[in-house]
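S.K.: have a look at this fold, sequence not included:
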Ligand code: NAP
């Protein structure tokens with residue numbers, strides 16, 4: 001299927017690795033010109049090199065922290081006329097809420113709620129003016145089905161989800177859609193770190209922790225980042241203009257609800 005977005009311009013955040021990189025890859029393959037952003041220059045430059053090798057859309061990169069005012073100013077002083085925005089960054093740490101202080105909450109809200117909102121604020125009016133826009137926020141399955149110990153993520157991302165529900169309805173008449181992708185468990189570097197930490201807490205090997213999780217998963221496997229990347233590219237396509245304000249769960253059926 002031709003997604004009809006060749007030549008569109010995308011800002012893909014948190015894109016040197018993992019889910020953000022997979023989104024950038026799927027978009028570049030569709031001929032979208034991407035600006036990829038992450039904080040660390042060397043892996044980001046390597047990611048850009050891999051994307052250029054696909055010989056799709058143009059690829060540029062910028063090292064910036066999307067959760068900081070300076071980082072976002074840096075991005076938008078370089079380019080602002082994006083047709084597609086993919087918001088993404090790291091997730092907050094896990095722990096027990098009894099140990100979190102106000103500062104921990106503010107950091108999580110800043111990174112996983114206010115930063116995506118600021119990125120949308122900087123781009124959505126231009127999209128509406130030009131009559132086409134696609135915004136996809138990478139959030140988490142924890143928004144729908146809270147994960148024990150991930151209270152900072154569950155809380156901050158739910159705030160973003162509530163905001164997006166309102167924004168989406170106010171922009172779609174001008175050709176702009178806003179949706180959230182909710183990853184379950186995907187095989188990325190972050191996941192490997194999470195399992196290593198869980199294994200250490202439980203006094204078992206990382207492999208034992210992984211096998212225990214897989215045994216309980218209906219698909220008996222984790223998601224591959226490219227599966228999320230292709231879903232993201234479809235949501236950005238001209239064919240997805242009537243999908244708006246949705247929270248799309250990609251978890252292989254792990255969430256046991258009917259709807
Ligand atoms: P990952 O493999 O660790 O990749 C994260 C990417 O984001 C890297 O490119 C990283 O590069 C960049 N990044 C992190 N913080 C950033 C910041 N402040 N500004 C700009 N770039 C930043 O992580 P992932 O597994 O793809 O996860 C992506 C998001 O999805 C996270 O928020 C995670 O909580 C969420 N999620 C993931 C899963 C999963 O199973 N993987 C499940 C649910 C939710 P630098 O570190 O160099 O900046």
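M.R.: Alright, I've got the coordinates. Worth saying up front: this structure is predicted, and the values here are computed from it rather than measured. Residues are numbered from 1 along each chain as shown.
S.K.: break down the stretch 101-250 of the chain into its strands, ranges please.
M.R.: Counting by DSSP state E, counting those that start in this stretch, one finds strands in the stretch 101-250 of the chain at the ranges 133-138, 176-183, 247-250.
S.K.: tell me, how many residues neighbour residue 190?
M.R.: Residue 190: 14 surrounding residues under other CB atoms under 10 Å. Yep, even glycine has a C-beta here, placed from its N, CA and C like the rest.
S.K.: what's the answer for residue 2, then?
M.R.: Residue 2: 10 neighbours (other CB under 10 Å).
S.K.: from the ligand, how far out is residue 59?
M.R.: Here residue 59 is placed at a distance of 15 Å from the ligand (CB to the nearest ligand atom, to the nearest Å).
S.K.: need the strands of the stretch 101-250 of the chain in a markdown table with distance to residue 236, mean neighbour count and mean pLDDT, can you?
M.R.: As requested, the strands of the stretch 101-250 of the chain are exported to a markdown table (distance: least, CB to CB, whole Å; neighbours: other CB atoms under 10 Å; pLDDT from 0 to 100):
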| stretch | distance to residue 236 | mean neighbour count | mean pLDDT |
| --- | --- | --- | --- |
| strand 133-138 | 4 | 26 | 98 |
| strand 176-183 | 9 | 24 | 98 |
| strand 247-250 | 13 | 18 | 98 |
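S.K.: between those, which gets nearest to the ligand?
M.R.: Closest to the ligand of the strands of the stretch 101-250 of the chain, according to CB to the nearest ligand atom: strand 176-183, at 4.0 Å.
S.K.: identify the residues contacting residue 75.
M.R.: Shown in contact with residue 75 (CB atoms under 8 Å, 6 or more residues apart in numbering): 11, 35, 37, 62, 64, 66.
S.K.: mind doing that once more with 7 Å?
M.R.: By CB atoms under 7 Å, 6 or more residues apart in numbering, the residues touching residue 75 are 11, 37, 62, 64.
S.K.: ok, of those residues, which one's closest to the ligand?
M.R.: Nearest member of those to the ligand, counting by CB to the nearest ligand atom, is residue 37, at 5.5 Å.
S.K.: which positions in stretch 26-46 come out as buried?
M.R.: Using 16 or more other CB atoms under 10 Å as the test for burial, stretch 26-46 gives 26-39, 44.
S.K.: among those residues, name the ones in helices.
M.R.: Secondary structure assignment by DSSP state H places 26-29, 44 of the buried residues of stretch 26-46 in helices.
S.K.: pretty sure residue 255 sits in a strand.
M.R.: No: Residue 255 sits outside any strand when classified using DSSP: H, G, I helix; E, B strand; the rest coil, being coil.
S.K.: you'd agree it is up against residue 143?
M.R.: No: at 10.8 Å, residue 255 and residue 143 do not qualify as touching, with contact defined as CB atoms under 7 Å.
S.K.: whichever residue of the stretch 51-200 of the chain sits closest to the ligand and residue 212, how far apart?
M.R.: Closest to the ligand within the stretch 51-200 of the chain is residue 91: 2.4 Å, counting by CB to the nearest ligand atom. Distance, residue 91 to residue 212, using CB to CB, to the nearest Å: 21 Å.
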